[in-house]
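Undergrad: I would like the atomic coordinates for the input below:
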Amino acid sequence: MKAIPYGRQHIDQDDIDTVVSTLKADFLTQGPKVKEFEDKFAAYVGAKYAVAVNNATSGLHLAVLALDLKEGERVITTPITFAASANCVRYAGGEVWFADIDPESYVLSLERTRELIESKPKGFFKGIIPVDFAGLPVDLEAFRTLADKHGLWIIEDACHAPGGYFTDSKGEKQMCGNGNYANIGIFSFHPVKHIACGEGGMITTNSEKLYKKLASLRTHGITKENMAEDHGGWFYEMQELGYNYRLTDIQSALGITQLAKNKAGVVRRNEIANAYKKAFKEIIKFQKLPDGVLNAHHLFVIEVEDRKGLYDFLRTHNIFAQIHYIPVHKLPYYQEIGYGGATLSNAENYYSNCISLPMYPSLTYEEQMFVIKSVYEFFNK
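TA: Below you'll find the model as predicted:
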């Protein structure tokens, strides 16, 4: 069997043709394809505004800046995520506080977050960054109620979940990143994600004020909006200190064709997930799916006691499973700045057992059956 990674991009002739066409056009960056991608992405998730950026980490950075995070202010996030979900707070000089995860869904626990907030004086925390981990949407309606009670903003890290949704108390489907409950949503276009642009990210919001702030910060804080009549077309103003976090037209063109395939891709990811669930039901623990939720399935994670043994065994069969993630509060940087003593038992127990099996739309039936057979072979040994 050829190598089977845990995730990979799928690029077809349609993707190649649109990139070649853009390479032959007038603009390679700062052209019309960026705005087209933004508009189509906003429509897809149901948000009013979208701002394309060079990667999701940049998007997270701009999000905390647009929400006016100041040095020393405190933000809560999950320890089971990629480090960028926490690092963005540190970029702005803020302090990261971790709340434990739910042991069944693996997302940030609403109860643990509430306990942490209520253990401190009002105003102690500034915001919350929940993560739609592995593609499973967080119940943002419940988090919004909690955040409003304590005057907090919410950034939804939806990097794993384009196309996923939860159902709110009114029975309405809430697409990840639609901005109805979170102030800002963040998406990633890394090759192993649903929509592959090589690198890239998208910020979504329903706030015109935040949209304008994000768009300004993305491009050095420069604007031409206030150009006086006596100035020529060259004139611009730098009104604040921003960054060069732009996405190119080349990447945007690829993003447009990739986005068009995502609905079918999420369907295929759920077919793969259901096959794993059927094979492992009542034998191996996997992520719980709440009622009324569509998991976009960036990952399919199982928990096993001998995780390292299975990881090594699968590699001998050319199956390259992965671990998602080392708890952020256990990383050396965060231990050195004071998080070494944090006790987050659910996150730590999860990490000791978790392993992500191959999950991507182009995974064939034969490849998946080989993965399942290999897992059973390991346990039968």
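Undergrad: Tell me how this protein divides into domains.
TA: Listed domain ranges for the chain are 4-262, 263-380 (source: automatic domain parsing).
Undergrad: out of those, deepest packed?
TA: Ranked by mean neighbour count under mean count of other CB atoms under 10 Å, these are led by domain 4-262, which reaches a mean of 20. For every residue, glycine as well, the C-beta is placed using N, CA and C.
Undergrad: Can you get me the start-to-end distance on that domain?
TA: End-to-end span of domain 4-262 (CA to CA, to the nearest Å): 21 Å.
Undergrad: I'd like the domains of the chain written out as TSV, with mean pLDDT added.
TA: Shown next, in TSV, are the domains of the chain (pLDDT from 0 to 100):
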stretch	mean pLDDT
domain 4-262	96
domain 263-380	96
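Undergrad: With N87 as the reference, measure out to K308.
TA: Distance of K308 to N87, computed by CB to CB, to the nearest Å: 27 Å.
Undergrad: how about the nearest residue to Y276, chain neighbours excluded?
TA: What sits nearest to Y276 in space, not counting adjacent residues and going by CB to CB, 6 or more residues apart in numbering, is F300, at 5.4 Å.
Undergrad: now D139
TA: Sequence neighbours aside, F166 is the residue nearest to D139 in space, at 5.8 Å (criterion: CB to CB, 6+ apart).
Undergrad: so what's that neighbour up against?
TA: By CB atoms under 8 Å, 6 or more residues apart in numbering, F166 lies in contact with 137-141, 173-174, 290, 292-294.
Undergrad: elements contacting the helix of greatest length in the chain?
TA: Taking DSSP state H as the criterion, the chain has its longest helix at helix 262-280. Judged by 3 or more CB pairs under 8 Å, 6 or more residues apart in numbering; DSSP states H and E, helix 262-280 is in contact with strand 285-286, strand 300-303, helix 365-380.
Undergrad: which secondary structure elements does the first one contact?
TA: Right, the one you point to is strand 285-286. For strand 285-286, the packing partners by 3+ CB pairs under 8 Å, 6+ apart come out as helix 262-280, strand 300-303.
Undergrad: give me every residue that touches I117.
TA: Each residue near I117 by CB under 8 Å, 6+ apart is listed here: 76, 124-125, 146, 150, 152.
Undergrad: and the gap between it and W97?
TA: 9 Å.
Undergrad: Need the residues touching each of these two.
TA: Both I117 and W97 are in contact with 76, 125, where contact means CB under 8 Å, 6+ apart.
Undergrad: which residue is nearest the middle of this structure?
TA: C159 (1.6 Å; CA atoms, centre = their mean).
Undergrad: I figured that residue hits G185, correct?
TA: No - look at C159 against G185 with CB atoms under 8 Å: they stay out of range, at 9.5 Å.
Undergrad: contacts for stretch 88-99?
TA: If you take CB under 8 Å, 6+ apart as the criterion, stretch 88-99 is touched by 57, 60-61, 63-65, 69-79, 86, 108-109, 112-113, 115-116, 125-126, 129, 328-329, 334, 339, 342, 344, 347.
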